[in-house]
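> would you be able to build a 3D model of this:
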Amino acid sequence: TKMRRAVSRNTIRAAGGRVRCASASTAKYSTSSGNDAQGTGEKSRIEKKTTKMWGGRFSRDIDDSIKGWTESITIDSHIVAEDIWGSLAHVAMLGNQGIVPPEKTGLILNKLLEFQDSWLDKTFKWVPEQEDVHMNVEKKLIDALGLDVGGRMHTCRSRNDQVVLDSKLYARKRLLELRGRVADSIEAFFKKAEPHTSDVMVSYTHVQHAQPVSIAYWLSHYALILLRDLDRLKAAYDLTDQNPLGAGAIAGTSFPIDRTITSDLLGFQNIHENGLDATSSRDFMLEIISANAIIQTTLSRLAEEFIFWSSWEFRSLTLDDGFAMGSSMMPQKKNPGALELLRGRAGRVNGLMVAGFTMMKGLPSGYNRDFHEDKEILVESLSLVNRAVEVIPALIQSTKINVDRMRELSFGNFANATELANYLVSQKNIAFREAHDIVGSLVGNLSRAGKNFSETQQCYDWLKKHGVEVEMKEVERILDPASVMLSYESRGGTGKKDVERVIREGQARLAEKRRELEADKKRVDDAWNAARAIAKEAKGINSADALKKLVAKHRPQSLREHRK
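Numbering: from 1, shown residues only. Model prediction:
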């Protein structure tokens with residue numbers, strides 16, 4: 001009771017040897033030159049010289065020359081709904097703990113819900129003199145409810161824990177979207193691969209023909225890469241999913257807050273335990289932008305293959321017209337423009353990763369304004385990669401694989417030379433290095449003559465000349481790329497049975513990843529709905545007991561069970 005009286009009078013009192021201070025934003029002030037606070041009829045105790053919510057100690061307003069440099073509204077437009085969600089959870093907790101009186105808690109919550117609805121309805125209006133979303137919402141709240149009510153919202157909170165909360169809530173939302181899109185891309189690769197376990201193509205090392213593999217083997221390897229990306233994204237999600245709210249500016253607070261309440265109402269799996277760590281670390285951002293850069297680099301490599309393989313010289317793939325672009329001058333052109341953007345934008349995504357690490361490398365512990373840039377980096381990185389991955393399922397589904405052309409290319413440049421050497425080792429008891437020389441000299445002889453392994457008689461004669469007794473049908477079998485491809489039944493090989501196994505097991509892993517994703521989505525959705533339900537029903541509440549019952553009624557139970 002003594003604490004609540006101290007807060008309501010907005011004074012600084014010593015209690016038990018400690019100094020308890022209301023946050024600066026709850027101070028009596030006016031944004032005009034008079035003493036009428038926000039036009040509500042309340043008389044401000046302090047006549048401020050600035051328009052800023054935090055301007056009590058300043059003798060003048062922020063200089064015009066740096067307003068554009070320091071404003072945050074442009075990037076904050078991406079996190080308005082999240083910022084208000086955080087305030088809903090925070091104020092519900094303050095009311096539950098008796099830090100803000102119940103009737104005032106109800107008024108604040110109901111007005112915040114109006115603000116959130118106005119943002120979702122695209123009718124939200126910014127207060128231009130306030131430089132960020134946090135001060136905008138608080139200014140609007142005080143204007144609407146008066147200083148004695150609206151000025152209580154920011155009690156026990158700093159923008160230091162508020163801004164990282166908003167970044168985490170935004171990043172979490174976009175990560176859920178990204179994980180779903182990556183899962184859809186994996187499914188597209190597996191589905192495209194399934195009919196092609198017996199269709200041969202040539203693989204490449206050093207951009208030269210290597211060994212014959214199945215088309216399914218090539219397609220499914222991209223699915224497996226993206227499955228690992230899902231692992232990375234889930235790890236980044238879990239590291240992000242720790243509640244920083246309640247850390248305050250750096251060291252917590254002397255008020256009796258309950259961080260489990262805000263964690264439940266915001267859908268967090270865990271609490272970020274150390275206030276200094278919570279407000280000054282951005283390793284969750286580094287995890288996200290690193291995972292994003294890895295994904296975009298993979299998509300860039302995929303694009304490179306599709307670009308070359310759809311060219312006239314290769315003709316292995318045919319892009320659907322919906323994924324190609326024309327030339328303003330050359331009427332015959334069918335350019336892989338969308339793929340070139342997948343490749344080109346990898347530079348931007350990788351650059352954002354470097355920007356994030358460079359921003360962090362010289363910062364001391366504690367909050368620094370440099371952290372404003374984490375929002376810029378996170379928003380652009382998550383936007384670019386979400387847009388890139390969204391393209392992949394339809395691209396894979398619509399691209400035509402020219403099976404006959406791929407088979408033709410597999411004959412053209414000695415892709416099964418390794419298997420011929422293996423045959424000499426396993427069936428003719430020739431040392432591998434000697435077998436390598438015999439086959440290598442055969443390849444050189446044929447290549448200089450402009451021929452290839454389709455000249456089976458010449459190959460047969462060459463082997464016989466070097467003392468290798470073999471039947472013609474064996475030579476024909478060994479020199480058939482499809483036959484060679486199907487014979488590679490070692491684990492992880494290109495043989496039909498093992499490729500089918502890998503696809504089957506990969507699809508099972510994908511199904512598990514989707515279940516994890518749905519559980520994470522449900523936890524977030526339940527918390528969002530709970531915070532809004534409390535705000536909707538809080539208006540008119542005038543007893544602490546009723547408020548506690550309302551919070552308990554809607555507070556998600558699954559989170560407490562999860563943390564146990």
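> any idea how far the residue nearest the centre of the chain is from D241?
Here the mean C-alpha position of the chain is nearest to the C-alpha of L175 (CA atoms, centre = their mean), at a distance of 3.7 Å. Applying CB to CB, to the nearest Å, the value for L175 to D241 is 9 Å. In short, each C-beta sits where N, CA and C put it, glycine included.
> before we move on, the earlier item: with adjacent residues omitted, what lies nearest to the residue nearest to the centre of the chain?
Distance criterion CB to CB, 6 or more residues apart in numbering; nearest residue to L175, sequence neighbours excluded, is Y237 at 4.8 Å.
> of all the residues in stretch 498-512, which ones are buried?
D498, V499, V502, I503, G506, L510 (16 or more other CB atoms under 10 Å).
> touching it from outside, list them.
183, 186-187, 190, 193-194, 197, 214, 216-217, 220, 223-224, 227, 230, 489-492 (CB atoms under 8 Å, 6 or more residues apart in numbering).
> and that stretch, C-alpha only, in CSV?
As requested, the backbone C-alpha atoms of stretch 498-512 are provided in CSV (Å, rounded to 0.1, in the frame of the first residue of the first chain):
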residue,chain,number,x,y,z
ASP,A,498,18.7,-46.1,-50.8
VAL,A,499,17.3,-43.0,-52.4
GLU,A,500,13.8,-44.2,-51.7
ARG,A,501,14.8,-44.8,-48.1
VAL,A,502,16.3,-41.3,-47.8
ILE,A,503,13.1,-39.7,-49.2
ARG,A,504,10.9,-41.8,-46.9
GLU,A,505,12.9,-40.9,-43.8
GLY,A,506,13.2,-37.3,-44.9
GLN,A,507,9.5,-37.0,-45.2
ALA,A,508,9.1,-38.5,-41.7
ARG,A,509,11.5,-35.9,-40.4
LEU,A,510,9.6,-33.2,-42.2
ALA,A,511,6.3,-34.3,-40.6
GLU,A,512,7.9,-34.0,-37.2
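> could you pull out the strands for this protein?
With DSSP state E as the criterion, the chain has strands at 13-15, 18-20, 36-37, 42-43, 200-205, 208-214, 242-243, 270-271, 317-318, 400-401.
> any idea where the helices of the stretch 401-550 of the chain begin and end?
403-412, 417-428, 432-448, 456-465, 472-478, 481-487, 496-538, 544-554 (DSSP state H, counting those that start in this stretch).
> quick check: which of those helices is nearest to E390?
helix 496-538 (15.8 Å; CB to CB).
> just want the angle from that closest one to strand 208-214.
For helix 496-538 against strand 208-214, the angle by axes from the mean of the first three to the mean of the last three CA atoms, to 10 degrees is 80 degrees.
> helix 496-538 to helix 544-554, inter-axis angle?
Comparing the axes of helix 496-538 and helix 544-554 via the same axes, to 10 degrees yields an angle of 160 degrees.
> how far away from the center of its chain is helix 496-538?
15 Å (CA atoms, centre = their mean, to the nearest Å).
> any idea of the mean pLDDT for it?
Averaging pLDDT along helix 496-538 gives 97.
> also stretch 212-222?
Mean predicted confidence for stretch 212-222 is 97.
> show me what counts as buried in that stretch.
Residues P212, V213, S214, I215, A216, Y217, W218, L219, S220, H221, Y222 are the ones in stretch 212-222 that count as buried (16+ other CB under 10 Å).
> average model confidence for stretch 460-479?
Here the average pLDDT along stretch 460-479 is 86.
> no wait, stretch 147-164
For stretch 147-164, mean pLDDT is 94.
> then stretch 436-449?
91.
> which residues touch it?
For stretch 436-449, the external contacting residues (CB under 8 Å, 6+ apart) are 414, 417, 420-421, 424, 430, 452-453, 455, 458-459, 462-463, 466, 468.
> C-alpha coordinates for that stretch, PDB please?
C-alpha atoms of stretch 436-449 as PDB (Å, rounded to 0.1, in the frame of the first residue of the first chain):
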ATOM      1  CA  HIS A 436      42.900 -45.900 -62.700                       C
ATOM      2  CA  ASP A 437      45.800 -45.700 -65.200                       C
ATOM      3  CA  ILE A 438      44.200 -48.200 -67.600                       C
ATOM      4  CA  VAL A 439      40.800 -46.400 -67.600                       C
ATOM      5  CA  GLY A 440      42.500 -42.900 -67.700                       C
ATOM      6  CA  SER A 441      44.500 -43.800 -70.700                       C
ATOM      7  CA  LEU A 442      41.400 -45.200 -72.400                       C
ATOM      8  CA  VAL A 443      39.500 -41.900 -71.700                       C
ATOM      9  CA  GLY A 444      42.400 -39.800 -73.000                       C
ATOM     10  CA  ASN A 445      42.600 -41.900 -76.200                       C
ATOM     11  CA  LEU A 446      38.800 -41.600 -76.900                       C
ATOM     12  CA  SER A 447      38.700 -37.900 -76.000                       C
ATOM     13  CA  ARG A 448      41.500 -37.000 -78.400                       C
ATOM     14  CA  ALA A 449      39.700 -38.900 -81.100                       C
END
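> what pLDDT does the nearest residue to I99 once chain neighbours are set aside get?
Excluding the flanking residues, the one nearest I99 by CB to CB, 6+ apart is F255, at 5.5 Å. Reading off the confidence values, F255 has pLDDT 96.
> wait, F255 sits on T155?
Yes: at 7.1 Å, F255 counts as touching T155 under the criterion of CB atoms under 8 Å.
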